[in-house]
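1. Give me a 3D structure for the following:
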Amino acid sequence: QVQLVESGGGLVQPGGSLRLSCTASTFNLGYYAIGWFRQAPGKEREGVACITRSGGIYYSDSVKGRFAASRDGGKNTVYLQMNDLRPEDTAVYYCATDSVINRDEAAGCFFDYDYWGSGTQVTVSS
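-> Next comes the predicted model:
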């Protein structure tokens with residue numbers, strides 16, 4: 001059973017920053033593609049950032065230039081640094097991954113992954 005755990009969410013003022021972390025106890029996050037997603041109340045889930053198996057990083061247009069995804073294989077942790085946060089970034093943020101290795105990642109990596117964390121709430125408000 002793969003368990004992903006997100007942390008680092010909270011309440012922040014507009015223009016502020018947060019860094020989310022995603023860890024896994026029994027899964028190598030450094031080897032497979034992994035994505036960050038979010039879902040705001042009443043809205044569909046959307047991909048925010050993702051990292052391909054080869055290390056390519058993709059961002060949604062809504063966060064490009066403000067968010068940065070990275071991973072630390074030694075700590076088996078994936079991060080999402082979020083800067084210049086806006087009220088519209090308010091959502092529950094999830095990390096997701098799986099062990100599929102034969103997908104075409106040339107156009108991105110916002111896949112329907114098999115393993116999902118329970119999410120961490122990010123609220124941007126003054």
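2. okay but N83 is in contact with R66, surely?
-> Yes: counting by CB atoms under 8 Å, N83 does reach R66; the two are 5.2 Å apart. To be clear about C-beta, it is placed using only N, CA and C from the backbone, and glycine gets the same treatment.
3. Residues touching stretch 3-12, excluding its own?
-> Residues from elsewhere that reach stretch 3-12, judged by CB atoms under 8 Å, 6 or more residues apart in numbering: 18-27, 85, 93-97, 115-125.
4. Quick check: buried residues in it?
-> Neighbour-count burial for stretch 3-12 flags L4, E6, G8, G9, V12 (criterion: 16 or more other CB atoms under 10 Å).
5. And for stretch 31-44?
-> Y32, A33, I34, G35, W36, F37, R38.
6. quick one, helices of this structure?
-> Remark: no helices are assigned in the chain by DSSP state H.
7. ok, E46 touching R38?
-> Yes: E46 lies in contact with R38 (CB under 8 Å); the separation is 6.1 Å.
8. wait, which of the buried residues of stretch 31-44 is closest to T52?
-> Taking CB to CB as the measure, T52 lies nearest A33 of the buried residues of stretch 31-44, at 5.2 Å.
9. What is the neighbour count of the residue nearest to the closest one when sequence neighbours are not counted?
-> Excluding the flanking residues, the one nearest A33 by CB to CB, 6 or more residues apart in numbering is C109, at 4.6 Å. Burial of C109 is recorded as 23 neighbouring residues (other CB atoms under 10 Å).
10. pLDDT score assigned to C109?
-> As predicted, C109 sits at a pLDDT of 94.
11. Would you agree it is in contact with S54?
-> No: in this structure C109 lies outside contact range of S54 using CB under 8 Å: 10.0 Å.
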